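# Predicted structure and sequence below. I'll ask about it afterward.
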Amino acid sequence: MISVPEFIRVPIGKYFLSKDAEKARRNKRFINLKDASSLAIIYFLTNDDDYLAVSKFVESLKKRKLRIKAMGYVRDKHLTQKYLPKLTYDFFYDRDINWYGRPGGNYVKDFLEKPFDVLIDLSDGNSLPIKYIIAKSNAHFKVGRYKNENQVFFDLMIKHDDTNNLQSFIAEIEHYLTIINNQ
């Protein structure tokens, strides 16, 4: 396979991403945690601490009787030997991504086919493959980290500058999803 330089791949990937985002059709609704029945989480799995933070979040959401699906993007081939896919967790890898950044594979396809009330992006907002999944998801309510260029993807963006502290970002998301649209 020919290696395509990043200065070519990234603009082409962003072009196709914008086309996919324009085509996406979904029924947008503001849904809080109390009214949600299903929730999707997408995150960038880089270390044990992030996995632990996501696991705690998933467990707290399960106590609310939500149907949960978590999808992690893994760049390290050896990382998931510890974190094998389970019922609630799936992973996709660089091998599942085409040359300009669009993810594929069975786990991604299954994730996108499921209807979710809420989709939460726990990544830093910079990953092109994660943006593709967010753009193509038909979740009713999409939540993620504030970045000006990501406004097209999310219904609610939360400004959180500390990208190293996933637990505090999760706490903010839980807080806002508890109070939003609450009668």
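Ah, there it is.
# quick one: F92 and N106 touch, right?
No: between F92 and N106 there is no contact under C-beta atoms under 8 Å: 9.4 Å. The way it works is simple: take the backbone N, C-alpha and C, and place the C-beta from them, glycine included.
# Out of those two, name the residue with the larger neighbour count.
Taking other C-beta atoms under 10 Å, F92 and N106 do not tie; F92 has more neighbours (22 against 10).
# Name the helix or strand for that one, please.
In the assignment (DSSP states H and E), F92 maps to strand 89-93.
# which neighbours does that strand have in its sheet, and in what orientation?
strand 67-74 (parallel) (DSSP bridges).
# Report the buried residues of the partner strand.
For strand 67-74, a neighbour-count test (16 or more other C-beta atoms under 10 Å) marks 68-74 as buried.
# residues touching A24, list them.
By C-beta atoms under 8 Å, 6 or more residues apart in numbering, the contact list for A24 reads 135-136, 138.
# Let me know the secondary structure of the residue sitting nearest the centre point of the chain.
Closest to where the C-alpha atoms of the chain average out (C-alpha atoms, centre = their mean) is I42, at 2.6 Å. Classification of I42 using DSSP: H, G, I helix; E, B strand; the rest coil returns strand.
# Which residues are in contact with it?
Counting by C-beta under 8 Å, 6+ apart, I42 has contacts 70-73, 119-123, 130, 133-134.
# What of K159?
Taking C-beta under 8 Å, 6+ apart, one finds 145-146 in contact with K159.
# quick one, phi psi at it?
phi -80, psi 120 (degrees, to the nearest 10).
# Put the alpha carbons of the longest helix seen in the chain into PDB.
Looking across the chain with DSSP state H, the single longest helix is helix 6-23. Output in PDB follows, covering the C-alpha atoms of helix 6-23 (Å, rounded to 0.1, in the frame of the first residue of the first chain):
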ATOM      1  CA  GLU A   6      -0.600  13.700   6.000                       C
ATOM      2  CA  PHE A   7      -0.800  17.100   4.300                       C
ATOM      3  CA  ILE A   8      -2.900  15.300   1.600                       C
ATOM      4  CA  ARG A   9      -4.800  12.800   3.700                       C
ATOM      5  CA  VAL A  10      -6.100  15.200   6.300                       C
ATOM      6  CA  PRO A  11      -7.700  17.800   3.900                       C
ATOM      7  CA  ILE A  12      -9.300  15.000   1.800                       C
ATOM      8  CA  GLY A  13     -10.500  13.300   5.000                       C
ATOM      9  CA  LYS A  14     -12.000  16.600   6.200                       C
ATOM     10  CA  TYR A  15     -13.700  17.100   2.800                       C
ATOM     11  CA  PHE A  16     -15.400  13.700   2.900                       C
ATOM     12  CA  LEU A  17     -16.300  14.200   6.600                       C
ATOM     13  CA  SER A  18     -18.000  17.500   5.800                       C
ATOM     14  CA  LYS A  19     -20.000  15.700   3.000                       C
ATOM     15  CA  ASP A  20     -21.000  12.900   5.400                       C
ATOM     16  CA  ALA A  21     -22.000  15.500   8.000                       C
ATOM     17  CA  GLU A  22     -24.200  17.400   5.400                       C
ATOM     18  CA  LYS A  23     -26.000  14.100   4.400                       C
END
